[in-house]
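Colleague: Just the structure for this:
(2 chains)
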Amino acid sequence: MKPAPFAYVRAETLDQVFDLLDEYGDDARILAGGQSLMATLNMRLSAPEVLIDINSIPGLSDISADVDTLHIGALARHSDVLESDLVRKHAPLVAKAMPHVAHQAIRNRGTFGGSVAFADPAAELPAVTRALGARFVLQGRDGKRTVAADDFFQGLFETDLKENEILVGTEIPAIKNGERTAFLELARRHGDYAIVGIAVQGRLEDNSFADMSLGFFGAGDQPILAKTAMTALNGQPNNDDTIKKAQDALDADLDPMPDLNGPAEMKMHLARVLTKRALAELAA
Amino acid sequence: MDQNVDITMKVNGQSVSRRIPARTNLVDFVRYDMELTGSHVGCEHGVCGACTIRVNGDIVRGCLMLAAQAEGAEVETIEGLTDTGEIADLQKAFHERNAVQCGFCTPGMLLTAQELLQKHASPSREEIREFISGNYCRCTGYQAIVDAIERVAEERRG
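Modeller: Below is the predicted model of the structure:
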């Protein structure tokens, strides 16, 4: 289908964006990469009065690193993140996830910030940012504020972003010595949304798990940090018993929704299988 | 607010300026305004890849980008790539290996294959499959398409 008619503004500055958001509120949508928004417009699931294209606003697409943080500008394209040496070095979990984010033609347009702000519970990047304890930089007319991923994601496509705010960047704590990563997802076709997926970072000390962080996608109404399973792992030896306890703990953490791929019980089963495989990959 | 926009871009090397409804997506623009119907419209929500078009050297989904967003851009379609001869070897290999049946996916498949070969000179069959995973073909079963791309990769390496 074709989208319902709308007006289009190519914003050159953030102030212009805030003016339009003040004026149009809910009837305006921000257009970044557009790889989810355009599909929902085409299907007329959304019919805004105004699209505010932010692609021409300078300074929002840089990827940089300082001592302990990787900064990814909101407009950094998935393909730029995928090919970034800085990302590979400082956030290998993000680098491992990127090849699974859609297909090349979509990665060439889609943006890191757009994926985070859209907060699709089945998408890779929101779950990865939760697993990594990322922080998001949100900007409004009166300035910037920083929100932890833990507080940012609040429900199905729901975030802490206020009506007159825009996400301008993501800060990811750089990986430290000894931290290991694993990323796995199950999808019917490579690049499609996962049926269920897992992003893990943590350490092994004397063959015991430490500082484990498990992010899940496709496993509930939002990207999930599996805190009960993480508690079951931390400080425990890497053996079948511990992994079984972590798998069992997922019942308390995950709440997958049944969909065309299958019932919730099947997704719970797949999440347990992926957890075991991911922990094996982490320890390998 | 005005629901039309003025746009100027290059399509297959030619400069064009038009006033169009803002909601016009890029693939409809090249098909209806430029009368270049080689780019196809399939699912219209980014799944099938039939609408693949090149913008500033990178392939995109023509149904997930507004024509207005191509302001000032270099847009290339299957017609442009055919005229310059850039993908003549891929087209020949697709023909000879019978990697085409109904042909609906073929323009998008060719543009995607070309971007793969520009990025990776020696892709494995698995990498070829992964890269074209965003382009649906409902006829061939993909085997012949992978064969054709693999052969061109070998030929280009010389």
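Colleague: could you say which helix or strand contains the spatially most central residue of chain A?
Modeller: Nearest to the mean C-alpha position of chain A, by Cα atoms, centre = their mean, lies A:Pro126 at 1.6 Å. Assessed by DSSP states H and E, A:Pro126 sits inside helix A:124-131.
Colleague: Let me know the next secondary structure element after that helix.
Modeller: In the C-terminal direction from helix A:124-131 (assignment by DSSP H and E), the next one is strand A:135-140.
Colleague: ok, and for stretch B:29-41, which residues are buried?
Modeller: By 16 or more other Cβ atoms under 10 Å in any protein chain shown, the buried positions in stretch B:29-41 come out as B:Phe29, B:Val30, B:Arg31, B:Met34, B:Leu36, B:Gly38, B:Ser39, B:His40, B:Val41. All C-beta atoms are positioned from the backbone trio N, CA, C, and that covers glycine.
Colleague: Which pLDDT does the model give the nearest residue to the first one once chain neighbours are set aside?
Modeller: On the basis of Cβ to Cβ, 6 or more residues apart in numbering or on different chains, the spatially nearest residue to B:Phe29 that is not a chain neighbour turns out to be B:Ala67, at 3.7 Å. According to the prediction, B:Ala67 has pLDDT 98.
Colleague: Report how many residues lie close to B:Ala67.
Modeller: 27 (other Cβ atoms under 10 Å in any protein chain shown).
Colleague: same question, A:Phe183
Modeller: A:Phe183 has 27 nearby residues by other Cβ under 10 Å.
Colleague: Next one: it from A:Met1, what distance?
Modeller: Noted for A:Phe183: a distance of 35 Å to A:Met1, by Cβ to Cβ, to the nearest Å.
Colleague: mind listing the helices for the chain?
Modeller: Unless you meant another one, I'm taking chain A. A:14-24, A:37-42, A:78-82, A:85-90, A:92-97, A:104-107, A:112-118, A:124-131, A:149-152, A:227-233, A:240-253, A:264-283 (DSSP state H).
Colleague: My question was about chain B, not that one.
Modeller: Using DSSP H, helices in chain B cover B:26-28, B:78-84, B:88-96, B:106-119, B:125-131, B:143-157.
Colleague: which one of the ones you listed is the most hemmed in?
Modeller: helix B:26-28 (a mean of 25; mean count of other Cβ atoms under 10 Å in any protein chain shown).
Colleague: just how off-centre is that helix within its chain?
Modeller: Relative to its parent chain, helix B:26-28 has a centroid offset of 12 Å by Cα atoms, centre = their mean, to the nearest Å.
Colleague: List of residues touching it?
Modeller: Identification of contacts with helix B:26-28 by Cβ atoms under 8 Å, 6 or more residues apart in numbering or on different chains yields A:2, B:39-41, B:51, B:53, B:55, B:60, B:62-63, B:65-67, B:69-70, B:75.
Colleague: how does it look with 7 Å?
Modeller: Identification of contacts with helix B:26-28 by Cβ atoms under 7 Å, 6 or more residues apart in numbering or on different chains yields B:Ser39, B:Val41, B:Cys51, B:Ile53, B:Gly62, B:Cys63, B:Met65, B:Leu66, B:Ala67, B:Ala70.
Colleague: Quick one: buried ones out of the residues you listed?
Modeller: By 16+ other Cβ under 10 Å, the contacts of helix B:26-28 give B:Ser39, B:Val41, B:Cys51, B:Ile53, B:Gly62, B:Cys63, B:Met65, B:Leu66, B:Ala67, B:Ala70 as buried.
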